[in-house]
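Student: Give me a model of this one.
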Amino acid sequence: MTAVELVENGPSVEVRLDDQTGLALRASGLVTAVPAVASGWWVVGPAAKVGVARVAGVDLLVRPKVDIRRLLFLVGYARDGALWRDEDVELDENSDLLTAVASAFARQAEKATAQGLLQGYRVEEVASPVLRGRIRTTDQLTRHHGLPLPLEIRYDDFDVDIPENQILRAATHRLLRLDGLPAGTRRTLRHLARAFADVSALPSGTVLPAWSRSRLNTRYQVALGLGELVLRGSSVEQEAGLVRIDGFMLDMAKLFEDFLTEALGAALTAHGGRCRAQDRWHLDEAASVSMKPDIVWYGPGSRRPTAVVDAKYKAEKPSGYPNADLYQMLAYCTVRGLARGHLVYAKGNETEARHRVVGSRVEIHQHALDLDVEPAALLAQVTDLAATIVALGAEPLAGVASGTPTALR
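Tutor: Okay, here's the model as predicted:
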């Protein structure tokens, strides 16, 4: 078994691989992989994902730049605002990502089910020899053509086979399939698997069932957040031709976007007005080219956008278009007649800057958030960013002031 260990945004490594394995790594999208100069060797580097996976007999480990505790705070805030607290996901300081998530999930799921599995009502529609609930008349006539039996019935059942338990069961079994878990965590997961024996399994590849917060499932909510994280993070499980991919990986770009949408959206709304995520716009009059900026703020009483913000974990620099993020933001501002647009990066991936567009009264601001700070300090940065965006939105775009901004050419 070949093992490859990388660090997010870190250097690539040369690994001895046959061409079939190298191509499987490249096709997975979890890392970059290109043939090296020497025959039989491949250069493997980090992409935008962190975590662990097994691809074509290669064990991948990509460590995040951000401390695990900070990373899980981002995850928790992105999904549930301020719901998760440090004590909810207590971690060993040396935990890797998989161990941290698996251990936190096992602990929270065990705590959630300590009083027994949550029960609830679910609707059943079945063909039955006995009457229970109500007859589905249309189905009875179309499926059985007037025969008295079986009866097509619909009834409510009160048991443990509800979405909340289905999600926890699926996450438990998914983690048990992965290697490298601490013995204590695996033991807890096995105990949970037995507790969920009467809960139906979710078919592979299915959409996660929907559930709603209520006072009845309060004790489940942190465990459910972690369970959904496990299931979405292990969605790299797939068949790539004849090569199986199995693992737990987080997309840092998507995580940063989700966090910023939640945190900055709330901070902007605190100034009044409303925020819309992924607001649907069009570039052309025929509405054939769609655009969906991450955050659009409509100020108090305004029906037109006041500010547009895009989260960019790191700068997009495709060949031939090294400033793709700036071009995209210029398109947003042009379409909606905005004087300013805002790009928000993770600090260290791009610098703060201000660009005045040549031949246009559009200014694009680049901001950077330091993710490697305490949660309170990070949220304070977001609050300050919101205040800056609001203040700039209230200012008319005058001539170039002192401290001339760079021109986008």
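Student: ok, which stretches of the stretch 201-350 of the chain are helices?
Tutor: Using DSSP state H, counting those that start in this stretch, the helices found in the stretch 201-350 of the chain span residues 221-233, 252-269, 324-336.
Student: between these, which gets the lowest average pLDDT?
Tutor: Among the helices of the stretch 201-350 of the chain, helix 221-233 carries the lowest mean pLDDT, at a mean of 84.
Student: Could you list the residues in contact with that helix?
Tutor: 51, 75-76, 79-80, 83-84, 88-89, 101-102, 104-105, 108-109, 111-112, 164, 167-168, 170-172, 174-175, 208, 211, 213, 217, 248-250 (CB atoms under 8 Å, 6 or more residues apart in numbering). Using the backbone N, CA and C atoms, a C-beta is placed for each residue, glycine as well.
Student: redo that, cut-off 6 Å
Tutor: 75, 79-80, 88, 104-105, 108-109, 112, 167-168, 170-171, 174, 248, 250 (CB atoms under 6 Å, 6 or more residues apart in numbering).
Student: next one: stretch 280-296
Tutor: Contacts of stretch 280-296 (CB under 6 Å, 6+ apart): 257, 261, 265, 275-276, 278-279, 305, 308-311, 332, 335.
Student: Just the buried residues of those.
Tutor: E257, T261, G265, C275, D279, P305, V308, V309, D310, A311, Y332, V335 (16 or more other CB atoms under 10 Å).
Student: can you tell me which residues contact the last one?
Tutor: If I follow you right, that is V335. Contact partners of V335, counting by CB under 6 Å, 6+ apart, are W281.
Student: if you set the cut-off to 10 Å instead, what comes out?
Tutor: By CB atoms under 10 Å, 6 or more residues apart in numbering, the contact set of V335 is W281, H282, L283, D284, V289, M291, P293, P305, V308.
Student: Using neighbour counts, trim those to the buried set.
Tutor: Neighbour-count burial within the contacts of V335 applies to W281, M291, P293, P305, V308; the criterion is 16+ other CB under 10 Å.
Student: circling back to that earlier point, turn the contacts of stretch 280-296 into a markdown table, columns for distance to Q366.
Tutor: Formatted as a markdown table, the contacts of stretch 280-296 follow (distance: CB to CB, whole Å):
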| residue | distance to Q366 |
| --- | --- |
| E257 | 16 |
| T261 | 18 |
| G265 | 19 |
| C275 | 20 |
| R276 | 22 |
| Q278 | 21 |
| D279 | 21 |
| P305 | 19 |
| V308 | 14 |
| V309 | 11 |
| D310 | 11 |
| A311 | 12 |
| Y332 | 14 |
| V335 | 20 |
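Student: nearest to R16, of those?
Tutor: E257 (36.5 Å; CB to CB).
Student: Hmm, H365 and I389 touching each other?
Tutor: Yes: using CB atoms under 10 Å, I389 makes contact with H365 at a distance of 8.3 Å.
Student: any residues in contact with both of these two?
Tutor: Any residue near both I389 and H365 by CB under 10 Å, 6+ apart counts here, and that gives V309, R340, H342, V344.
Student: Between all of the residues you listed, which two are separated the most?
Tutor: Greatest spatial distance among these (CB to CB): R340 and V344, at 13.2 Å.
Student: intersection of neighbour lists for these two?
Tutor: H365, I389.
Student: show me what contacts the nearest residue in space to T113 that is not next to it in sequence?
Tutor: Spatial nearest neighbour of T113, chain neighbours left out: A195 (5.8 Å); criterion: CB to CB, 6 or more residues apart in numbering. A195 makes contact with A109, E110, T113, A114, G116, L117, V160, N165, L168, R169, T172, according to CB under 10 Å, 6+ apart.
Student: Could you dump the helices of the stretch 201-350 of the chain into TSV and include distance to P182?
Tutor: As requested, the helices of the stretch 201-350 of the chain are exported to TSV (distance: least, CB to CB, whole Å):
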stretch	distance to P182
helix 221-233	16
helix 252-269	24
helix 324-336	41
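Student: Figure out which of these is closest to E374.
Tutor: helix 252-269 (14.3 Å).
Student: In this protein, where is pLDDT below threshold?
Tutor: 79-95, 133, 146, 155-157, 205, 234-245, 317-322, 396-409 (pLDDT under 70).
Student: remind me, longest helix of it?
Tutor: Assignment by DSSP state H gives helix 375-394 as the longest helix of the chain.
Student: List the buried residues of that one.
Tutor: P375, L378, L379, Q381, V382, T383, L385, A386, I389, V390, L392, G393.
Student: So which elements touch it?
Tutor: Helix 375-394 is packed against helix 68-80, helix 252-269, strand 295-298, strand 307-312, strand 340-346, strand 363-369, with contacts defined by 3 or more CB pairs under 10 Å, 6 or more residues apart in numbering; DSSP states H and E.
Student: now those as a markdown table including distance to T137?
Tutor: Below are the helices and strands packed on helix 375-394 laid out as a markdown table (distance: least, CB to CB, whole Å):
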| stretch | distance to T137 |
| --- | --- |
| helix 68-80 | 42 |
| helix 252-269 | 45 |
| strand 295-298 | 47 |
| strand 307-312 | 51 |
| strand 340-346 | 56 |
| strand 363-369 | 58 |
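Student: which one of these lies closest to R187?
Tutor: The closest of those to R187 is helix 68-80. By CB to CB, the value is 21.9 Å.
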